[in-house]
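any chance you can model this:
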Amino acid sequence: MKKVVLVRREEPSRSSDTSSSSSMTIRIRYAECQKNYAASTGGQIVDGCTEFRPQGEEGSSLALDCATCGCHRNFHRKVVENR
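Okay, here's the model as predicted:
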């Protein structure tokens, strides 16, 4: 079984109905790296990184780089879950 969740950010949902007492949160996590190293030659090669692990603490510039593969967080698949 693959472990996928490493970065979590929860935000309250923005609903137009403010009279509702229930609050829905959005959970964002970053899964496997999808950077294609052979794109310039027309091929498809990925590094096999299965999870995003930030190099630095939240809020720093290093928090956007993966400690496992060195790629920027944008190369990792973004998974949005509603709670």
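
can we go C-alpha only for contacts and neighbour counts from here?
Fine.

helix or strand right after the longest strand anywhere in the chain?
Across the chain, the strand with the greatest residue count (assigned by DSSP state E) is strand 25-33. Downstream of strand 25-33, the first helix or strand assigned by DSSP states H and E is strand 76-82.

returning to what we had before: can you tell me the strand partners of the longest strand of the chain and which way each runs?
Sheet partners assigned to strand 25-33 using DSSP bridges are listed as strand 9-12 (antiparallel), strand 76-82 (antiparallel).

what comes up buried for it?
Buried residues in strand 25-33, counted by 16 or more other C-alpha atoms under 10 Å: 27, 28, 29, 30, 31, 32, 33.

OK, contacts around the closest residue in space to the fourth one that isn't next to it in sequence?
Using C-alpha to C-alpha, 6 or more residues apart in numbering and skipping the chain neighbours, the partner closest in space to residue 30 is residue 78 (4.7 Å). When the contact criterion is C-alpha atoms under 8 Å, 6 or more residues apart in numbering, the partners of residue 78 are 28, 29, 30, 31.

then residue 47?
By C-alpha under 8 Å, 6+ apart, the contact set of residue 47 is 33, 35, 37, 69.

how about the second one, nearest residue that isn't a chain neighbour?
Spelled out, that is residue 35. Nearest to residue 35 is residue 75, by C-alpha to C-alpha, 6+ apart, at 5.4 Å.

so what's that neighbour up against?
Residue 75 makes contact with 33, 34, 35, according to C-alpha under 8 Å, 6+ apart.

what about stretch 33-48, start to end distance?
One end of stretch 33-48 to the other measures 7 Å (C-alpha to C-alpha, to the nearest Å).

report the buried residues of it.
Within stretch 33-48, the residues that count as buried by 16+ other C-alpha under 10 Å are 33, 34, 35.

tell me how far the first one lies from residue 25.
This points to residue 33. In terms of C-alpha to C-alpha, residue 33 sits 25 Å off from residue 25.

let's check: the centremost residue of this protein is which one?
Centroid-nearest residue in the chain: residue 30, 2.1 Å away (criterion: C-alpha atoms, centre = their mean).

just give me the neighbour total for residue 65.
By the criterion of other C-alpha atoms under 10 Å, residue 65 has 19 neighbours.
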